[in-house]
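> structure for the following, please:
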Amino acid sequence: MKKINIAVVGVGSFTKALVEGVAFYTKTPNEQRGLMNPLIGNYHVKDINFVAAFDVDERKVGKKLHEAISAGPNVTLKITDPLEYDAMVYRGPTMDSVHDAMRETFIHESKEETVDVAQILRKTKANVVVNLVPSGGNQATHAYAEAALKAGCSFVNCIPTPLASLPEWAKKFEKAGLALVGDDIKSQLGATMLNRILLAFLKMRGIKILKSEQENRGGNADHYNLLYRAKTKEKSKREALTKFLEEGDAKPVVKFFYTGEPSGHKRVNIVIEGEMFGRVPINITSMIEDEISINGAGVLVDAIRVAQLLVDQGRQKEAWKVSPFLMKSPIKPMSDTEAFDLFKKVICKKEPVVTG
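Numbering: from 1, shown residues only. The predicted model follows:
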């Protein structure tokens, strides 16, 4: 089975979780616990191969990827020792990917010259580009997407910047025979998903929603970044929740808090208040504690493999069908059950048999 060559944009805690997660399932190829889909097509997690990475931090630029993932300020829990790759971390364009408040605290910006991203992608024979720039890096996201198009790479947009949800971008990738999957990757089991399930269940049971509030607390660089750039992330989460509400229901409130303690641990409190039969109050309080980057990496391994599968089978136009299951802000939102059913149909579809 051929490998899927991956180029990662942003060598943060999420990338650390992804690289170590791929190492874990490569070392233990028969292990299926923790995987949503052990196989997608014929692709196993061990078929993911890292060939390049891009970052702007001097502690990472110029290093091999498997070494750079342990540099500061990455803090997520270690899964296992990473595999060793020849993949280098190249100096990518900064553009709007770094908020001023992040400079000299979380980001030590490299003075190296910016590389030609498309050229590196072609040189390393990358198949899929994974976008993990910090939330709010809209210009940077568009620049990397353009580079992916030039180099003939599919693109997985893991941040809230609208890309796959914009028809003009989707058409660009489709026309090039490439898959565009996005936007804003879900966690394997995150607060937004649990919140959606609770809201959908309450509406199914005829309960009026008076309050829906989600508080996200974490100590990694992404949470610090969200002190200044939370708008797009909040919008993505709110829109993912409002599908289940009706006119007159309370609008969801989503908040982010930085704990100040360096950690990949995240705690989310969800509070929902409503009225049931006879307008009698009913309240739900729930909490999720997890390693946020690892939680997301469990979904990203599926996004990478399905993007390549679609291209292999010439079905890149079906990328929109897999995005609702994998992403918070797809071009066509749907319920989790609908999204799951559609995703399964896509990955179980057999490649057309050519005769003649």
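> CA only for contacts and neighbour counts going forward, please
Fine.
> so, low pLDDT: which residues of the stretch 201-350 of the chain?
Of all residues in the stretch 201-350 of the chain, those with pLDDT under 70 make up the ranges 244, 350.
> the helices in it, which residues?
Remark: helices assigned in the stretch 201-350 of the chain by DSSP state H, counting those that start in this stretch are 221-226, 230-242, 292-312, 319-326, 336-348.
> so which of the ones you listed gets nearest residue 30?
The minimum distance between residue 30 and the helices of the stretch 201-350 of the chain falls on helix 292-312, with 16.1 Å, by CA to CA.
> quick check: angle from that closest one to helix 336-348?
50 degrees (axes from the mean of the first three to the mean of the last three CA atoms, to 10 degrees).
> which SS class is residue 51?
Put simply, residue 51 is strand when judged by DSSP: H, G, I helix; E, B strand; the rest coil.
> that one contacts residue 7, doesn't it?
Yes: when contacts are counted by CA atoms under 8 Å, residue 51 is listed as touching residue 7 (5.8 Å).
> domain ranges for the protein?
4-186+294-348, 191-291 (automatic domain parsing).
> now mean neighbour count too, for those, in a markdown table please.
Converted to a markdown table, the domains of the chain look like this (neighbours: other CA atoms under 10 Å):
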| stretch | mean neighbour count |
| --- | --- |
| domain 4-186+294-348 | 20 |
| domain 191-291 | 17 |
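> quick check, pLDDT for residue 100.
Per-residue pLDDT puts residue 100 at 86.
> tell me how far it lies from residue 224.
According to CA to CA, to the nearest Å, residue 100 stands 12 Å off from residue 224.
> likewise residue 129?
25 Å.
> same check on residue 267?
15 Å.
> and the residue lying farthest from the centre of the chain, how far is that from residue 207?
Distance from the C-alpha centroid of the chain, by CA atoms, centre = their mean, peaks at residue 278 (42.3 Å). Look at residue 278 and residue 207: by CA to CA, they are 10 Å apart.
> likewise residue 180?
Taking CA to CA, one finds residue 180 at 38 Å from residue 207.
> just residue 219 next, same as before
The spacing between residue 219 and residue 207, counted by CA to CA, is 35 Å.
> do residue 341 as well
26 Å.
> hmm, residue 223 is touching residue 255, no?
No: using CA under 8 Å, residue 223 makes no contact with residue 255, being 10.9 Å away.
> which residues touch residue 125?
Residue 125 makes contact with 5, 51, according to CA atoms under 8 Å, 6 or more residues apart in numbering.
> helix or strand: which one has it?
Using DSSP states H and E, residue 125 is not contained in any helix or strand.
> per-residue confidence at it?
Value for residue 125, per-residue pLDDT: 98.
> now do residue 144
Residue 144 carries a pLDDT value of 98.
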